[in-house]
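K.L.:
This is a predicted model, with the sequence first.
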Amino acid sequence: MIMEEVRHLYMPDGKVNPEIADRKIIIWGCGDRGKGLLKHFSDIGGEIECFCDTNYDGLGGSFCGKQVIAPESLAEYIGRNIVVTFTFWPQILHYIPSDKDVCMYANYPYWTNSGDRCVLCGSTRTVSCEARFVEFLDDRMFNMNPPVTRWVHCEDCEFSFSSYRPDDEEMSRFYMDYRGEGYNRQRMKYEPDYSDEAMFGEESIRYRRSLTSNFIGSAIGSAGSYRNVLDYGGDKGQFIPELFEDTSRYVYDISGKETVSGVKRLESLEEAASHDWDIIMNCCTLEHVSYPDEILDTIVSMMGRDTLFYLELPCECYGMNVSVHEHINEFTHQTLKTIGDRFSLEILEIGDIGTFGIAALYRKR
Ligand SMILES: [Zn+2]
């Protein structure tokens, strides 16, 4: 067979596709997942012939008692099933010989047409795959009674989201004392390696600020003419970049935490709305909320004709076997463009924030 399609390694029920056992199998990838598959395949009677890995030399030519071959050697193997154990399988397709009657199975979610309405753009051109909430959320957000959910992807705006949208009560249970002592203790019960230092330590925040500063700075040049900046949902105001050190800085956040030096906390939405803002920022909040539209509506309603709106989001990829964490939404550049269209905003700049996120700078049309 010429490789016409890449098949699903996993079935909708999460089990390995039994069809794979009809030929000798080559596992591409000498990692934990490759090791785990050895056991799966022995359960369904599949014969593992060897592993394939770009690091075949470093592994000394064997892994878990099986030979490891180089990708270039695949051409010598005819009529095999190759299973790729990582998500980025399209990058290695060129190694697979097209005339060797090879079937490829890839480690990607089992998407089916779902018809769910996109939470952001309303389109029903959506696909979905199996998903579940992680145990930490089962406990903290759902009191050990987790709802059924799927992971949905909108083919129009590329927004991805959990089909189950946590309600206000579940949200407030989860976010009460967010990243405080109780939160950390409860989280480490399920994720012993968890540390908020890596993401939210002083050094990490300084780095994130510098990325934000570069992004906004490259779009607007100097911040000299900007009188004020609001970080909407900005915790203690620690994410407002250095670019604005001579600007009046404000934060609005429901946590009500004490702000960092130089940043003034606004007590209410009314107070936030009473200002004439030059710049409003919203960084890494919309991935957490059930109704991102409502927050966007509020922010856009506070924008004047020349107000700039800076929106920043993490860029993740849940990959296969989706376990939904507190990030119940995922955005892409296309999603940011759709937000511009839906809220009548002109995009001044759109791009990446280091390797961890994406951002856009908008102004009213
Ligand atoms: Zn959509």
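P.N.:
Cool, got the structure.
K.L.:
Could I get the contacting residues of the residue positioned nearest the centre of the chain?
P.N.:
In the chain, the centroid-proximal residue (Cα atoms, centre = their mean) is Glu316; its distance is 2.4 Å. Neighbour list for Glu316: 327, 330 [criterion: Cβ atoms under 8 Å, 6 or more residues apart in numbering]. Backbone N, C-alpha and C define where each C-beta goes, glycine included.
K.L.:
Next SSE downstream of the worst-scoring helix or strand of the chain on mean pLDDT?
P.N.:
When the helices and strands of the chain are scored by mean pLDDT, DSSP states H and E, helix 197-200 comes last with a mean of 68. Next along the chain after helix 197-200, taking DSSP states H and E as the criterion, comes helix 202-220.
K.L.:
Now do that following helix: distance to the chain's middle.
P.N.:
Taking Cα atoms, centre = their mean, to the nearest Å, one finds the center of helix 202-220 at 20 Å from the center of the full chain.
K.L.:
likewise stretch 346-364?
P.N.:
For stretch 346-364, the distance to the chain centre is 16 Å (Cα atoms, centre = their mean).
K.L.:
In it, which residues are buried?
P.N.:
347-348, 350, 353, 356-363 (16 or more other Cβ atoms under 10 Å).
K.L.:
near the ion, which of those residues show up?
P.N.:
Among the buried residues of stretch 346-364, not one lies near the ion by Cβ under 5 Å from the ion.
K.L.:
Check those and tell me the two furthest apart.
P.N.:
Phe356 and Arg363 (25.0 Å; Cβ to Cβ).
K.L.:
ranges for the helices of this protein?
P.N.:
Assigned by DSSP state H, the helices in the chain fall at 32-44, 135-140, 168-175, 181-190, 197-200, 202-220, 269-273, 292-301, 333-342.
K.L.:
residues making contact with the fourth one?
P.N.:
Taking Cβ under 8 Å, 6+ apart as the criterion, the residues outside helix 181-190 that touch it are 134-136, 139-140, 177, 194, 196.
K.L.:
shaky segments in the chain?
P.N.:
Within the chain, the set of residues satisfying pLDDT under 70 comprises 1-5, 12-14, 86-91, 107-110, 197-199, 317-321.
K.L.:
Pull up the residues of the stretch 151-300 of the chain that are close to the ion.
P.N.:
For the stretch 151-300 of the chain, the contact set with the ion under Cβ under 5 Å from the ion comprises 154, 156-157, 159.
K.L.:
what residues does stretch 194-206 touch?
P.N.:
179, 184, 187-188, 238-239.
K.L.:
Please repeat the previous calculation with a cut-off of 10 Å.
P.N.:
136, 178-180, 183-184, 187-188, 207-208, 235-236, 238-239, 241-242, 260, 284, 314, 356 (Cβ atoms under 10 Å, 6 or more residues apart in numbering).
K.L.:
Domain boundaries for this structure, per the record?
P.N.:
6-106, 112-190, 204-364 (automatic domain parsing).
K.L.:
what separates stretch 164-176 from the chain centre, distance-wise?
P.N.:
Distance of stretch 164-176 from the chain centroid (Cα atoms, centre = their mean) equals 19 Å.
K.L.:
what does that stretch contact?
P.N.:
119, 131, 133, 136-137, 139-143, 146-150, 182-183, 254-255, 288-291, 324, 326, 328-329.
K.L.:
Pull out the buried positions in that stretch.
P.N.:
164-166, 170-171, 174-175.
K.L.:
okay if I get these as TSV plus distance to Phe41?
P.N.:
Below are the buried residues of stretch 164-176 laid out as TSV (distance: Cβ to Cβ, whole Å):
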residue	distance to Phe41
Tyr164	33
Arg165	38
Pro166	38
Glu170	39
Met171	42
Phe174	38
Tyr175	42
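K.L.:
Point me to the residue of the stretch 251-365 of the chain nearest the ion.
P.N.:
Residue nearest to the ion within the stretch 251-365 of the chain: Thr338 (6.4 Å; Cβ to the ion).
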